Each structure stands twice: as C-alpha cells, then as structure tokens.
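[1] Here is my input; please provide its structure:
(4 chains)
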Protein chains: 4
Amino acid sequence: MHVYRLKSPGNLGGLALLEEDVPVPKPTEIVLRVHAMSINRRDAMIIGGTYPLPARNDVIPISDGAGEVIAVGNSVTRFKTGDRATGSYWPRWRDGLLTPDLIDQLGCTMDGMLAEYAVLDEQSAVHVPEHLTWEEAATLTCAGVTAWSAVAGSRRMHPGQTVLTLGTGGVALFALQFAKMMGCRVIAATSREAKIAKLRDLGADHVIDYARTPQWADTVRDLTGGKGVDLVVETIGPKTIGQSLAAAGLYGHIVLLSVIDSDGNDLVLPGQVYSRTMASLSRVFVGSRAGLEAMCAAIGSHRIRPVIDRVFPFTEAREAYRYFMRGDVFGKVVIRAA
Amino acid sequence: MHVYRLKSPGNLGGLALLEEDVPVPKPTEIVLRVHAMSINRRDAMIIGGTYPLPARNDVIPISDGAGEVIAVGNSVTRFKTGDRATGSYWPRWRDGLLTPDLIDQLGCTMDGMLAEYAVLDEQSAVHVPEHLTWEEAATLTCAGVTAWSAVAGSRRMHPGQTVLTLGTGGVALFALQFAKMMGCRVIAATSREAKIAKLRDLGADHVIDYARTPQWADTVRDLTGGKGVDLVVETIGPKTIGQSLAAAGLYGHIVLLSVIDSDGNDLVLPGQVYSRTMASLSRVFVGSRAGLEAMCAAIGSHRIRPVIDRVFPFTEAREAYRYFMRGDVFGKVVIRAA
Amino acid sequence: MHVYRLKSPGNLGGLALLEEDVPVPKPTEIVLRVHAMSINRRDAMIIGGTYPLPARNDVIPISDGAGEVIAVGNSVTRFKTGDRATGSYWPRWRDGLLTPDLIDQLGCTMDGMLAEYAVLDEQSAVHVPEHLTWEEAATLTCAGVTAWSAVAGSRRMHPGQTVLTLGTGGVALFALQFAKMMGCRVIAATSREAKIAKLRDLGADHVIDYARTPQWADTVRDLTGGKGVDLVVETIGPKTIGQSLAAAGLYGHIVLLSVIDSDGNDLVLPGQVYSRTMASLSRVFVGSRAGLEAMCAAIGSHRIRPVIDRVFPFTEAREAYRYFMRGDVFGKVVIRAA
Amino acid sequence: MHVYRLKSPGNLGGLALLEEDVPVPKPTEIVLRVHAMSINRRDAMIIGGTYPLPARNDVIPISDGAGEVIAVGNSVTRFKTGDRATGSYWPRWRDGLLTPDLIDQLGCTMDGMLAEYAVLDEQSAVHVPEHLTWEEAATLTCAGVTAWSAVAGSRRMHPGQTVLTLGTGGVALFALQFAKMMGCRVIAATSREAKIAKLRDLGADHVIDYARTPQWADTVRDLTGGKGVDLVVETIGPKTIGQSLAAAGLYGHIVLLSVIDSDGNDLVLPGQVYSRTMASLSRVFVGSRAGLEAMCAAIGSHRIRPVIDRVFPFTEAREAYRYFMRGDVFGKVVIRAA
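    Residues are numbered from 1 along each chain as shown, chains lettered A, B, ... in the order given. All right, here's what the predicted structure looks like:
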C-alpha cells in the first residue's frame, strides 16, 4: 500500500510517500481501506512542527479519514468487514472528561489516516452515517466533532437563541449546520463577499461581511435587537475576540477554538467591553468518542451533508495541504484514495 | 363587558355569565381586550373543584388568553396600547425557581381570561409572536409553556435524540413541535387511528397506535434499535407510566405532567422494569415568565402554529368546556370573543 | 491461594472454598494480595441468584476489596508493586455515561475479590487513600461510590441544604458523611433506637426514629421549617417512598437505590402527595472509575473513616454473609484475609 | 436622621452629610434602622465616578448595610418590626438570570445604606443570620454574594477539589470560607507576609506569598501534584490572569470579578499557556436575592463569621473610604451607626 509518513517536521518536504505492507489487525483492531481523508489546521501545524503536542517520529499524519473495514481482529465485536468507519480523534478518550493519560491523538502521537490502509483499535472507531459519500464521511473526526462540542455538546442552547459563526472553514460551517438543526438562528460572518450567498444557502439567517465592517459587533447587536448573541463559535482568535466579546449577549458564551495566532498574538479581552457583560468563555479540544457517536446519529437523522471545498487525489496530498494553508476555503479540503 | 365568574365549584352550572364594567388599570397594570381563550385540564379541574389549589371565590377562570392592550397604567413601561399580549400562568414567577410566595395562578387564585377584558400587572404579561392569530396566541400560557419546560427547558436533549409523546392534547402536540424544532426524532403514541395521519403531518417520525398494542413500549424499543427513548413527555400518568418507563432508554428522562388520574390511581413504577434502567423522573408545573418569553421567541423564529381543534364563541364557553372534557381532541379547544 | 467461587447460585451452600494458584498478570494487569473485602446487598443477591445481571459460572464473588499490588504486567503504568489499590465496580466504565458494552461487573460477570489474590486490569483499579486501614479501604467500591454518586455526583447540593438518609447500611452512612463534608445539614432516619446516638456521633444534625413515627415525613417537614429536604438518599424503596416523597421539598430530589423489595413490591408514588411538589427522582448504579477516584480524593482530603460494623475472618465468609443478610447493621460488614 | 448623599462624583469631597426626615414606608416597603454598613470596591468607584453604571444624582451610596426593621408598609408580609434585615444588591433581581430591566443597584441607581435609616421594598430585603453582629451582617450583600456566586453558585465543585483565592479582600476571604464549607481544599495567595498566618487561621490549606514568587502558578501546580486547581476566584484581574490561567487545571474554571484595572489594563490570556488547557472563564455580578438567601442559610447553618478588618464610626465614613482605598485590608471595612 501507499502511505505518507512525516519524516521531518518543518515543511511539506518532510512528508514522504512510501510503499508498505497492508497492516494486519491485532485481536482488538480493525483495518480500514481508507477511501478519503481531510485536512485540518492541526494537520498543517503538525507538518510545520508548531503543534503543541509533538508528533511521533515517522508518524502517518492526518486524523480524519473514512473507509471500509477489510479485516478485523479475532476479538472484535463492534465491527465486521464491509462496515464503513472513521476514527476518533483521541483514540483512548471514550466519554466524560479528557485526562492526561488519554492524550494520544490520531495522526500525531499515533498513526493516522494518510494511507491507503489504516489500522485502528475497534474502541477508537465508529460507524459513519449511511447517506454520506466517502469524501463527506472523511470530514467528521476533527472539524465535525469540534463544532458539535461547541454547539450541541454544551447543551446551553435552546431553539430561538442566536449563534454567531466566523469564517467559512470546516468548523464554522459544521457549527452553522448544527445550530440550525437545533432550532437556533445563525449569524455568519465572512470576510469574502463571494461567500455570502453560499452561507445563506447553507442556512445562515444573516451574513455579515466583516472585512467591510470592522465594528461588526455593532451589526450583530443590531440584528439581535441590541441583545447580542447567545453563542459565538470563535474559530479565529486574537484578531476577532474583541468584536466577539462585544457581540455576545449578557449571558453569552464564547467557545474558543484558537487562543493564539500564527503571529503569536494572545487573546486580549477588552475591559471596557467585558465590564458590561457576564459572557463566559470556554475551550473545546475536539471531543470524545461519545461525542463523535452522538454527532453521527444527528447527522444521520438529519441527513446533513458536510461541505467540501475541493478534492485532491491521494498522490497530490502535498498540494492539498498547500491549498488548505492558503486559507481561502469554503468547507473541507479532502484527499481521495482510489 | 361580559365576563364569566365561578360562583360555586362543582360543575359548569357554577359558571355564571355576568355584565361588568371594563376594568381600569392601576399604575403598573395593563388592560387587554381579550380576543380568544383556551381551555386546559386544570381549568376543567377548577370548575370541578378538584384542583389542588383552591380557586378564589367568584374568580374569573381560565389562564390562557390573548388580546390587544387597550389601556396602560401610568407607570407601565413594557407595553403600549395596541400591543398584542398574553399572560403568564404564575403572574409573580419571573425566573429561576418557583417559591411558595409566588403561587398565585391566573384563573385560579387571581382573575383569569374568560372575560371580554382582562387586567394584568405588566410584569405578568408578555408580547405574543406576530404571525399568530388570536386563537393561536391564546394557547401559549399553559399548554405551550408546559411543553416548552418539558422539552426545551430541561436542556437535556441534543439533535438526533428521541422524544416520545403520548396522545393528542395541547401539551403533547406542542411537545412534538418543539422536539422537532430542536432536531429530535419524535415517536408519537395515540389511541385513535384517525389521528395517526395528523400526527405524521405535524412532524412525528413514527406514530404508534397504543390502543392496538398494549405492550407499546416494545414497539418504541424496536423503533430505537433497542435503546429506548431519551425523553418521555408523560401527559397521561398512572395508566401509561409502566410502559413509559419500559420505553425509556438507560438514561432516559420522563417528565411527569400528571401524577394521579381521575379515578385516584397513583403512579406505580414497576420494579422489574426500573431495576434495569437509570431513567429519571421529574415534574413540570408550567413555567416562569422567562420560559414563556423564551418559548415565544422560538415560536416566532420558527413560525410555529399551535394546533387548534375547535373554536367556540364566547357565549358558548360552557359547551367548550364540555367538549374539552369529552377528551377526544387534537390540539387546543379555543373560545373566541368578538 | 484460597478463593471462594460461586458454584451454584441459590444459597450459601453454593459458595465453595477452593485452593488455586496465585494468578499471574497479563501485560496490562495487576495482581493484588487482597487483605480485606466487604459485602453489599448485590453480593447477597448474587449468591441468592436474584440479581438482575446473571453471574458468570464459578465466578469469584464480591466487588469490594483492597490489597497490595504484588505483581504488575509489563505494560502497566498506573501501579507499581507495593501500591495499595481497590477495584472499580464496572471495570470497563471509566467516565461519562454507562453504555451497554460496559456492563461487566466485578464479582458478577467478572471475577471479584473474595480470594487471597485478585487480578485486575490496571485501568479498572485505583489507589486508595493512605490513612485507611485495609478494612476501611475495602468498603469503597460499591457502597462508597453509590453514596458519592447520590450526594456529590449530582452536584445539585450547596452548603446549607438538607439531606435525608434512611437506615444505617453502608450507603446511608457514607451519604451522611459525604453530605456533611459538603456543608449540608443531615437528617438521618433509623428504625432502631440504639443507633440514634451513633448517627449523631457520625454528624447527623437530627435523627428520626421512624419505627415510632410512621408519618415521619411530618417530622422532617417540621425540622425544615415546613420546606422539606433537598435530597433524599432512598436506600430502602417501596416501603419508604411515600414518606420520602412527602419529606421532599418543592424542588427536592430523591435518589433511588432500590426500586423493588424482597417481597416484589413496586414503588408507588402517592398522587395526592406528588401533585403538590416538583420533586424529581433518579437512579444511581454505583458509578464510573472517575467517580471512584474523585471520592477517594475527597475521603483522603477529609480523612474520612468508613464505618465498619463487624469484621469476619476469611474462612468465615459464609457467616459474614449470613450476618449481613440479617440486616441489623451499622456500617459495613468486612471480611479480613490474613 | 443623618444621611450621606453623593452630590458630585469625582472624589470624597462630593459626599455630603445631611440631616433629613426618617423615611415613611409605602405599602410594600420596610424601613430599617441601619446599624452598620460596609464598603466595596464598587462603592469607591461610584464615589470616583468610574463605575460603569452611572449613579443617580444625590444618591445615598453603599449597597451593604444591616439593621432593624422599625416600620413596615401595610401590605408587607415578609417582615415585621424588630426583624433584622439587609438588602439585595440588585433590588429587582429575585432569581434566575439578570435582565436589562432589572439593573437597578442599591447605592447607585437607587438609594443605598449610608444613612441612619433606609427604606427598601420588602421584596428586596432578606433576613440576616441570627448569630451575626450588626457589623458582620453588614458585609453580606455585595462581597458575600459575589463570593457565593463564584464558589457555591456555580455548583461545579465537589469535596476534595481545590480552590485558589487571591488576596485578602472581602470577596477573597468569603470565598475561602465558603470553599472550606463545601469540603474543598483552598490555596490562598497573598502579597503580604503578615497575612499568611491569618489566612491559615481562616482555614486555608496552603498560603502562597506571591510577592516573593512571581511565577506562583508553578507553586500552585506543585501543591496540586501538577494538576492545577479546579477553581480560581480571580479578584484581581489583568495583573494576575496569566498566572491564574497557568494555575488552572485541565478543566479548571476561573471566575472573573475584575476585568480591567485602575490603569486601564485589559485581561490578556497568554496563548502558550491557554493552548494547553480547557480552562473556562466566567464572570460574576454579585447575584440575585435567591443567592443572597441561600448564602444566608449556609452562613447561619455553619455559623460562619465574616471577617472584619476595621470599623469606623458613621461620622467618619469618608475616612473609612480612604482607608479602604489604600487597599491593604484583611476582610471588610465597616461603618457603624449608633
């Protein structure tokens, strides 16, 4: 089989395409024929060597991928050959709270999905919704669960409340879809005029072009009758946190997905703004297998289709990374294996 | 104006239609021209003298009604004449927990809505969603908020989870609509074959005819892959609780709206069933003004239309009660004033 | 080593004392020299063959035991020889919610602690607080965690609230101790006058003799200024639930540990009582490893000493069961291995 | 009676001591003979004109005071003459969430307590615990409830968890006392060596001198076995938030009481630190009347004694402010009326 391994972090030159044997499952493992993978910001950081958790030497990168089970270990009970499956971001975190002994990550400290075949412990894999294509099923593990944890996992929202999303990356678009599914109103902000219509098509009730309106929090407040939003899915970070806080309602909640930017800027919470609100902030680190399963049930029940920006062939994985890093996406960047 | 007052609880003969002056608001009060009212089980119990909270002598019955503000006291700030408003079930319960000093109820210990004009403290009234007719707006106070508290207020649910509703009364239908609005799957049970199609039209994913299947919990478990439901909106009580418990999932929750029936039967939780689950039970007593406001926002945002079974003219209020008490309804029984 | 195995459920005659080799750990396992074990109601039911989950053939019974780690598998990281450890009731349930694939139980579907040596997967074992004797450390797994889940796990309580405990079994006494540790006031009910002083010594603010006062809920209400308690730890069930409900406050919560009794009686919730309250009910099935760890931290931090009624030598395990089943205990019945 | 009114915000020169008639209660009001008052940071900001909510012209300042009910309006039901009472910070916020229509504050937009007699709506007053002196009872409204909301109101804590307090102001000391009452371990940080012993006497398990250890978060982590604390009561703000975040555990929570400092510095969340934790932040704005009542119940039940730094006579109120503003306090600064 063909497989990419990260020989030396730093840049895409460190990513080697190799030929290896198809893996054989141990008793509790399954082997997937991986049909598609998708790229997340953390995957780019792992290649670049800037991810907080150091990658294992020669690791197979990428956490997100979906494929068909082609072999199962002899004590496997959750899967059979022919099943469609994907992996859980933290293979050892099943439910409840993350603890230090569970910090292994797919495609970082453990081999991931950028290979024609992948091996997973059966406890770290889940079935994917039937209606999804392989490309769509390959987007769930990281961006999907992150958005799920941010919007549905908190269980803070009720129908009629308002959610603000920023940008058009994978997490933002999943968050928009999940928030609509929960009966919330969504205000989506983008800096690209060309994406306004697409956000509307996806269900956004209002779209703000924040390149044109630096004080976009004022627009958000106007759109909410002065009250501000109930939830901000803060996918950007230091550059937007001030306006996000200003856009949040009296008990608004801001889920932080990014707390530092590529220039090393920290989050600054403007005191004049913050002294007028009881807004709270919390972080999300993807989620447990229980979250992935709950999200898959909801996606299946609502027949939600993840948004895919562009698909690259397996042999052009490096080009897929480059395209992703340029940043001007609308949804997920996917790699397709045969 | 015309007004009904309960001269002697026991039966509908105790309900007198009188002629009185239109009320004049005190400084913090508003006066409504009430255009429609609706009947709830508790209203029938109040007429019958079986409601746990004794009614005030000569009270104007009925908690639910909607109308136009035609006069405001001189310190009123929340309303102006011309606004469309309804009352909060517990006029003094604004938010948080109910306490003994807040137990006044509209149409029971305080004058209610069965009158051409009604007077409310402005703090006990809320604006109704714009898209609703008067008949629809008159269904929110009791059945609407009860269903809201049961389904959305608990904040236990996430999209993809399953809710079970029983029957086709006002609370059950609101619960069905709210659960769908939140992205949940709904299994609706009815004992009338003729109502199956109507429940489907309202959004039920599955409908069970429980007259024909006494062990209907088995059907519910089959429909949920053996897992059981996440929430039961238990609008019936002693006759159904055993099957409701059997239909609940491992962490299922049962919201009890009725804990005793007209024959005086108590709730019995079958131990053989209960020893296999961690299901929890809680009660709902309508809800606070904050709940009513949140529900109105959601109904407005989703343009939900309450389901009305039948409308009676104001002069036939007693006939409306009789029709309601016969029990074979699909949605709310409404009384229309001119 | 000596070990008891359940050859045939039904009565204590089915419990055989055998001689076996000391177990050798697999890579992820640890072996304990078990110094003490304790008996819970479920252990008696397993012997009797009445426990809902059928026991494995020839299982080593008893979930609760503590001992010294005398051997570790070669991939064990959580323990080293010499550590003091106990097991988690559901060896595979680490955190979050219990799911059907995690239902193995120590001393039921998996070998338990009634042996001089026991083998546990390292993930199913936890360190015990340093200040505890072996006898005390052997009481935590089932009764301790059950009480913890009931009182502290719900996180419903704040200091100054009132908790009601029933009887003087292991769960009730742990619940009393945990509730006091959380700053709650405790009302303890017992049917034995001789135990009143002991309950007071353990920290109960008030003790009710409910053998003498059949309507003991009235006494509870008097003691709470008419308000009722915030939490009832319902360790008894059908015989007491009516008074428990009557003793609960408007938003009181009842944790059900027992939902059927030995005579097969179900829980009956008296409608006349329940129609006046918003009390909620939930169940507890011991708890996860995360709960056991949190409880051990609290017990360690507060230097709480579990209450032991009586200690039997290992060779008299059957007599220990018989004594336990007679029911008149104050705390835990412990078996001591050399 | 003698009363202070704020004639012109800016400095203590704007605080005028006047002679006025003793107020007469309206039907729902009570009149207190105020025996003691206490000063909070917000009171100093109101005098200085820097509080976010502008003070009413000529307002009687100070939110905290306690006294004897000497007159009641004719529809008052909650109090009788002779009762001991204090006021609720937000007189109109009873329970649940704060809303914009409830933002009146005692001693800011409404007359407060710096007077020999004060008038309160009965709904905005509560009874004070019996065991407290007048001076002690005068410390509850602002600092007490703020600490209660931060520590007990969140209901996030369970016994054995660790709370970090900063400094020795009123909120920090109440938080220490409440955390101990809930069975938590407390690490208290102070910059004054002289206060270390006093913090220990009050129950702190560990005291850190953070003047001597700029990287005091390292000390906190050492004291928690590397795990960090579960709750930080962040009473300081911009100067300490970086270390507070570094001291917080993986799921640690930081309650922010101050989000800007007197030099206008904002909160900065260091990204390198924050990228390693899921710590959350929330704000507290004192609390509702329900919170005040729950706290009084707990204080009464545990016979907690608020810590008083120094007491000034009524005629020296300005000197009390000056002393408070110098900042080197251990507990509350109180003013005593005859």
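[2] Going along the chain, name the helices of the stretch 201-338 of chain A.
    A:216-223, A:241-247, A:271-274, A:289-302, A:317-326 (DSSP state H, counting those that start in this stretch).
[3] mind checking which of these is nearest chain B?
    The closest of the helices of the stretch 201-338 of chain A to chain B is helix A:289-302. By C-beta to the nearest C-beta, the value is 3.2 Å. (C-beta placed from N, C-alpha, C; glycine too.)
[4] Give me the phi and psi for A:Val171.
    Taking degrees, to the nearest 10, you get phi -60, psi -40 for the backbone angles of A:Val171.
[5] What degree of burial does it show, as a neighbour count?
    As a burial measure, A:Val171 scores 30 neighbours (other C-beta atoms under 10 Å in any protein chain shown).
[6] try A:Asp309
    18.
[7] mind checking how far it is from A:Thr168?
    9 Å (C-beta to C-beta, to the nearest Å).
[8] Identify the spatial nearest neighbour of A:Gln272, chain neighbours not counted.
    Spatial nearest neighbour of A:Gln272, excluding adjacent residues (C-beta to C-beta, 6 or more residues apart in numbering or on different chains): D:Ile260 at 6.8 Å.
[9] what do you get for A:Glu293?
    A:Val126 (5.4 Å).
[10] helix or strand for the one you found, which one?
    strand A:125-127 (DSSP states H and E).
[11] Return the list of helices and strands in contact with that strand.
    If you count contacts as 3 or more C-beta pairs under 8 Å, 6 or more residues apart in numbering or on different chains; DSSP states H and E, strand A:125-127 packs onto strand A:84-87, helix A:289-302.
[12] For the last one, give me every contacting residue.
    Read it as helix A:289-302. Here helix A:289-302 makes contact (C-beta atoms under 8 Å, 6 or more residues apart in numbering or on different chains) with A:86, A:88-90, A:93-96, A:123-124, A:126-132, A:140-141, A:144-145, A:148-149, A:152-153, A:178, A:181, A:304, A:306, B:158-161, B:183, B:185, C:96-97.
[13] mind redoing it with 7 Å?
    A:88, A:93-95, A:124, A:126, A:128-131, A:140-141, A:144-145, A:148-149, A:153, A:181, B:158-160, B:183, B:185, C:96-97 (C-beta atoms under 7 Å, 6 or more residues apart in numbering or on different chains).
[14] hang on, A:Ser152 in a strand?
    Quick fix: residue A:152 is Ala, not Ser. No - applying DSSP: H, G, I helix; E, B strand; the rest coil, one finds A:Ala152 to be helix, outside a strand.
[15] ok, it to chain D distance?
    17 Å (C-beta to the nearest C-beta, to the nearest Å).
[16] For that residue, which residues are in contact?
    A:178, A:182, B:158-159.
[17] quick one on the thing from earlier: just checking, which helix or strand succeeds the strand holding A:Val126 along the chain?
    Downstream of strand A:125-127 (by DSSP H and E), the next one is helix A:134-137.
[18] CA atoms only for that following helix - export them in PDB, please.
    C-alpha atoms of helix A:134-137 as PDB (Å, rounded to 0.1, in the frame of the first residue of the first chain):
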ATOM      1  CA  TRP A 134     -16.600   8.700   1.400                       C
ATOM      2  CA  GLU A 135     -15.400  12.300   1.000                       C
ATOM      3  CA  GLU A 136     -18.100  13.500   3.300                       C
ATOM      4  CA  ALA A 137     -17.500  10.800   5.800                       C
END
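[19] now that helix: mean pLDDT?
    Across helix A:134-137, pLDDT averages out at 98.
[20] That helix packs against which elements?
    strand A:29-39, strand A:308-313 (3 or more C-beta pairs under 7 Å, 6 or more residues apart in numbering or on different chains; DSSP states H and E).
[21] highest average neighbour count across the ones you listed?
    Among those, strand A:29-39 has the highest mean neighbour count (mean count of other C-beta atoms under 10 Å in any protein chain shown), at a mean of 26.
[22] tally of neighbours for A:Asn57?
    With other C-beta under 10 Å as criterion, A:Asn57 counts 10.
[23] in what helix or strand does A:Leu120 lie?
    strand A:117-121.
[24] Check whether that strand comes near chain C.
    No - between strand A:117-121 and chain C, judged by C-beta under 7 Å from any C-beta of the partner chain, nothing touches; the nearest distance is 12.9 Å.
[25] how big is the angle separating that strand from strand A:29-39?
    On the basis of axes from the mean of the first three to the mean of the last three C-alpha atoms, to 10 degrees, strand A:117-121 is oriented at 120 degrees to strand A:29-39.
[26] thinking again about what came up before, what confidence value was assigned to the residue nearest to A:Glu293?
    Reported pLDDT for A:Val126: 98.
[27] Go ahead and confirm it touches A:Ser88.
    Yes - here A:Val126 reaches A:Ser88: they are 6.4 Å apart, a contact under C-beta atoms under 7 Å.
[28] between these two, who's got more neighbours?
    Per other C-beta under 10 Å, whichever of A:Val126 and A:Ser88 has more neighbours is A:Ser88, with 28 against 21.
[29] which residues of chain A score low on pLDDT?
    Where chain A drops to pLDDT under 70, the residues are A:155.
[30] 90 - rerun?
    Flagging of chain A using pLDDT under 90 yields the residue ranges A:52, A:100, A:153-157, A:211, A:261-264, A:338.
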